[in-house]
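> have a look at this fold, sequence not included:
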């Protein structure tokens, strides 16, 4: 029998864990409510850079999950926090409004395609409007000496009925063209996990990471030295665990199964 999970805090992935596309995972709202009643801290952690914390708050509330923007850490916000310690300069962003606004909010100047050659940094996230022109501008900026930063490198994005290309598909195009290796802020990087732990105010041994992807969520938890829980409602199947070097501490069919363990 699995032991009770006596952690002070839970870091919860969103896509494939709490919901899939616009459909909530059955029982997810009840688990979040139970965690709060037990006095556990909750942080929703997503690599998706296309929405603001406020927009995620509204989405979750529409699914019956009460939360606040302070409980949501996106790769956009984490990227902006990471860049706080960098020298200010021009930034060319391949990404959507949430990523651009987060970076601009830290005092960086956003550049368009015409000005990209002057960029000190190229930042890449998920961009549903990506074009060859955008990719070309990013590549030329990097060739000109701009530092390459990736909000995340997720290969795909789980939705109802399948998967869409993720930010990693766009980052990969730039890597292929330039040979440059980006600084990765989002999961599985220690960068975003360090920001998450600081926001929660807990130590590594006091938190569990819950998500649906071995290479992203479980790897992030492992890299940060925290307890990892894999759920099978997203991109990972039980058969995917065979022969893998990175394995979770616990595997559950769904996040809803947490209710029996807290």
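Cool, the structure landed. If you're wondering where the values come from, they're calculated on a predicted model, not measured in any experiment.
> so, low pLDDT: which residues of the stretch 1-150 of the chain?
Low-confidence segments of the stretch 1-150 of the chain, defined by pLDDT under 70, span residues 1-2.
> quick one: the helices in it?
28-37, 53-61, 75-83, 97-104, 132-143 (DSSP state H, counting those that start in this stretch).
> name the residues of the last one that come out as buried.
Judged by neighbour count (16 or more other C-beta atoms under 10 Å), helix 132-143 contains these buried residues: 134-135, 137-142. In short, each C-beta sits where N, CA and C put it, glycine included.
> may I ask which two of those residues are separated the most?
134 and 142 (12.9 Å; C-beta to C-beta).
> residue 128 touches residue 48, doesn't it?
No. With contact defined as C-beta atoms under 8 Å, residue 128 and residue 48 do not form a contacting pair (11.2 Å).
> what about the closest residue in space to residue 152 that isn't next to it in sequence, neighbour count?
Among residues not flanking residue 152 along the chain, residue 186 sits closest, at 3.1 Å (C-beta to C-beta, 6 or more residues apart in numbering). For residue 186, the neighbour count with other C-beta atoms under 10 Å is 30.
> ok, now how distant is residue 152 from residue 137?
In this view, residue 152 and residue 137 are 20 Å apart by C-beta to C-beta, to the nearest Å.
> nope, residue 41 is what I meant
Separation of residue 41 from residue 137 (C-beta to C-beta) stands at 41 Å.
> backbone phi and psi for the closest residue to residue 129 other than its chain neighbours, please?
Of all residues not flanking residue 129 in the chain, residue 96 sits nearest, at 7.5 Å (C-beta to C-beta, 6+ apart). Phi and psi for residue 96, reported as degrees, to the nearest 10, are phi -100, psi -180.
> ok, residue 96 touching residue 126?
Yes. Counting by C-beta under 8 Å, residue 126 is a contact partner of residue 96 at 6.9 Å.
> these two: who's more crowded?
residue 126 (29 against 19).
> residues in contact with the residue most central in space within the chain?
Residue closest to the mean C-alpha point of the chain, counted by C-alpha atoms, centre = their mean, is residue 47 at 1.7 Å. Contact analysis of residue 47 by C-beta atoms under 8 Å, 6 or more residues apart in numbering lists 74-75, 151-152, 154, 166-167, 186-187, 216.
> filter those down to the ones in strands?
Per DSSP state E, strands hold the following members of the contacts of residue 47: residue 74.
> can you add distance to residue 65 and give the contacts of residue 47 back as TSV?
Formatted as TSV, the contacts of residue 47 follow (distance: C-beta to C-beta, whole Å):
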residue	distance to residue 65
74	16
75	20
151	24
152	22
154	22
166	23
167	24
186	22
187	20
216	21
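> for the contacts of residue 47, pick the one with the most neighbours.
Of the contacts of residue 47, with other C-beta under 10 Å as the count, residue 151 tops at 35 neighbours.
> what is the burial count for the nearest residue to it once chain neighbours are set aside?
Distances taken as C-beta to C-beta, 6+ apart put residue 125 closest to residue 151, at 3.6 Å, once the chain neighbours are dropped. Neighbour count of residue 125, defined by other C-beta under 10 Å: 33.
> same question, residue 6
Neighbour number of residue 6 under other C-beta under 10 Å is 11.
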